[in-house]
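> Next come a sequence and a model predicted from it.
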Amino acid sequence: MQENVPHTGHGETGGEAIPHWHDPESEPMTIVEGEDATVYDDDGSAYLDFVSQLYCTNAGHSNEAITEAMTAQAERIPYVSSGKGNDVRDALADDLAEIAPGSLSEVYFSVSGSEANESAVQIARTVQDAPKVLTRWQSYHGGTAGAGSLTGDPSTRSTVGRYAATTGSAKFLPPLPTAFDADSPEDLAEQAADHVEFVIQNEGADSVAAILMEPIGGASGGYPAPPGYFERLREICDEYDVLLIADEVITGFGRCGDWFGMDTEGVEPDMLTFAKGVTSAYVPLAGVIADEWIGEAVREEGYDLGQTFAGHPVACAAGRAAIDEYESHLLDNVRELAPMLESRLEELADAHDVVETVRGRGFLWSVVFADPETGDPFVHPWASDDDDEENPVAAVREAAVDRGVIFSGGRPDVQILIAPPLCTTRAELERGIDALDEAISETFE
């Protein structure tokens with residue numbers, strides 16, 4: 001490890017960054033170094049990073065191929081306007097078209113996942129000449145004003161909308177067993193898809209430009225759709241001339257065992273959004289990959305919007321190197337180890353009656369907790385009136401940190417999310433799940 005860099009503030013009082021998702025009741029961990037699947041805090045303590053920071057450092061924290069590509073590009077030319085052409089930007093667009101599902105080939109670059117989702121929605125409204133976009137309750141699509149209005153998480157949506165109204169978004173129920181009275185996964189898929197059709201009809205099909213959803217729930221809880229859901233949804237979108245947009249900000253670039261989450265469903269969307277893993281988060285980059293006809297329509301009509309740092313050349317160089325790393329060995333590692341991770345989590349659920357279910361795909365999983373006597377969450381932050389009520393699920397995460405493993409909370413915080421870097425080894429997965437097992441026992445037993 002390198003020696004810690006001392007903090008030197010400016011002025012008499014010095015400066016201090018305000019953490020995002022700031023909680024005045026807690027002090028965030030300060031991380032100063034990383035290697036593969038491990039991070040180190042400012043005291044030198046090591047932690048397995050089982051959330052890839054924000055589900056984004058897919059290639060781990062020390063991939064030399066990515067950092068070397070960034071350095072080489074910065075030495076050649078560090079920045080080119082997003083309104084001009086650039087060779088590495090075009091090369092990455094070609095790479096993305098090659099790995100994207102089906103006929104998706106037109107790439108519009110952005111900076112963050114929130115902006116990518118806003119861009120996809122703006123493009124959809126433009127080419128469809130329709131104002132509305134449908135998204136799921138219990139979803140997360142970003143925290144900016146536009147993306148926050150698309151998000152189904154009420155804490156995010158309420159924060160964004162507290163002082164400024166947003167329009168053009170309607171919600172539908174996710175394909176979760178708790179949302180429908182279904183007798184089987186196939187029945188759940190049918191009921192949930194019929195519900196989406198009902199919402200389209202009652203919003204007015206001509207007014208609906210697109211449906212935006214995550215293939216596998218991300219921050220909202222790692223939940224995959226029941227079998228047949230996306231196939232039926234694709235049929236409904238085609239019938240009513242509604243675009244299907246896949247939010248692949250978390251699920252893209254190997255996280256779920258294939259290039260994109262929609263690849264694991266075998267259904268082709270009209271557009272997908274990406275961010276996070278495209279560069280393994282080594283530098284911000286995001287964007288939209290659209291079907292060829294959508295790109296042609298945008299080019300023909302022109303597009304008067306843009307972002308200064310969209311398609312930044314250093315980021316694009318990082319993206320090209322990251323894709324090579326995923327293709328050469330990281331995707332194979334997820335495919336090899338995902339069954340073992342799933343098996344260990346199922347064993348965890350069998351061993352603890354407070355674990356209601358485990359769900360997920362690849363290296364993206366959620367462990368959901370509930371009171372075994374009532375079946376209800378111990379504390380539901382979206383429904384509880386008592387802000388001081390202690391959440392045992394948060395206590396499990398704290399106990400895991402004491403054992404050297406970082407997990408994340410989901411939305412809502414009735415679950416623990418597991419999303420390790422794709423370079424995580426079998427031994428590290430075993431150690432991480434062992435720590436979670438012990439943390440659950442300490443908290444509840």
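Looks like it came in fine. Numbers count the residues shown, from 1 in each chain.
> how much distance is there from stretch 365-374 to the middle of the chain?
Here stretch 365-374 is found 22 Å from its chain centre; the criterion is C-alpha atoms, centre = their mean, to the nearest Å.
> Over to stretch 320-334?
From the chain centre to the centre of stretch 320-334 is a distance of 18 Å (C-alpha atoms, centre = their mean).
> which outside residues touch it?
58-59, 63, 65-66, 68-70, 88, 91-92, 95-96, 99, 253-255, 257-259, 277-280, 282, 362-363, 422-424 (C-beta atoms under 8 Å, 6 or more residues apart in numbering). C-beta here means a position set from N, CA and C on the backbone, and glycine is covered the same way.
> Out of the residues you listed, name the ones that lie in helices.
65-66, 68-70, 88, 91-92, 95-96, 99 (DSSP state H).
> Please spell out the ChimeraX selection for the buried subset of these.
Entered in ChimeraX, the line below selects the buried ones among those, by 16 or more other C-beta atoms under 10 Å:
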select :66,69,70,88,92,95,96,99
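> In CSV: the ones in helices among the contacts of stretch 320-334, plus distance to Glu27 and pLDDT.
Converted to CSV, the ones in helices among the contacts of stretch 320-334 look like this (distance: C-beta to C-beta, whole Å; pLDDT from 0 to 100):
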residue, distance to Glu27, pLDDT
Ala65, 35, 98
Ile66, 31, 98
Glu68, 35, 98
Ala69, 36, 98
Met70, 32, 98
Val88, 40, 98
Ala91, 43, 98
Leu92, 39, 98
Asp95, 41, 98
Leu96, 39, 98
Ile99, 41, 98
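> Between the ones in helices among the contacts of stretch 320-334, which sits nearest Gln122?
Nearest to Gln122 among those is Leu96, at 19.4 Å by C-beta to C-beta.
> and the nearest residue to Asp49 once chain neighbours are set aside, bridged to which residues?
With sequence-adjacent residues excluded and distances taken as C-beta to C-beta, 6 or more residues apart in numbering, Asp49 is closest to Val39, at 4.9 Å. Bridge pairing for Val39 (DSSP bridges) gives the partners Gly34, Tyr47.
> Quick one: residues contacting Val39.
Val39 makes contact with 31, 33, 46-47, 49, 53, 61, 406 under the criterion C-beta under 8 Å, 6+ apart.
> Tell me the spacing between Asp413 and Ala383.
According to C-beta to C-beta, to the nearest Å, Asp413 stands 12 Å off from Ala383.
> between those two, who's got more neighbours?
Neighbour count, other C-beta atoms under 10 Å: between Asp413 and Ala383, Asp413 has more, with 19 against 10.
> Now for Ala435: which residues touch it?
48, 400, 403-405.
> Name the secondary structure element that contains the one residue sitting closest to the centre of the chain.
Geometric centre of the chain, nearest residue: Ile250, 2.5 Å, by C-alpha atoms, centre = their mean. Using DSSP states H and E, Ile250 falls within no helix or strand.
> Point out where the stretch 301-445 of the chain drops to low pLDDT.
384-388 (pLDDT under 70).
> Show me where it has its helices.
Taking DSSP state H, counting those that start in this stretch as the criterion, the stretch 301-445 of the chain carries its helices at 313-325, 331-351, 392-402, 426-444.
> got JSON lines for the ones you listed, with distance to Pro174 too?
As requested, those are exported to JSON lines (distance: least, C-beta to C-beta, whole Å):
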{"stretch": "helix 313-325", "distance to Pro174": "30"}
{"stretch": "helix 331-351", "distance to Pro174": "21"}
{"stretch": "helix 392-402", "distance to Pro174": "20"}
{"stretch": "helix 426-444", "distance to Pro174": "25"}
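> Was I right to think Ala439 contacts Ala400?
Yes - the criterion here is C-beta atoms under 8 Å, and Ala439 meets it with Ala400 at 4.2 Å.
> More neighbours: these two, which one.
Legend: neighbour count by other C-beta under 10 Å for Ala439 and Ala400, higher for Ala400 (25 against 22).
> Please name the residues that touch that one.
Counting by C-beta under 8 Å, 6+ apart, Ala400 touches 406-407, 435-436, 439.
> For it, give its distance to Glu296.
Distance of Ala400 to Glu296, computed by C-beta to C-beta: 50 Å.
> out of the ones in helices among the contacts of stretch 320-334, who's nearest Phe444?
Using C-beta to C-beta, Ile66 comes nearest to Phe444 of the ones in helices among the contacts of stretch 320-334, at 40.3 Å.
> Once you drop chain neighbours, what's closest to the closest one?
Nearest-residue entry for Ile66: Ala321, 4.6 Å, with adjacent residues in sequence omitted and distances by C-beta to C-beta, 6+ apart.
> What is the burial count for that neighbour?
For Ala321, using other C-beta under 10 Å, the count is 24.
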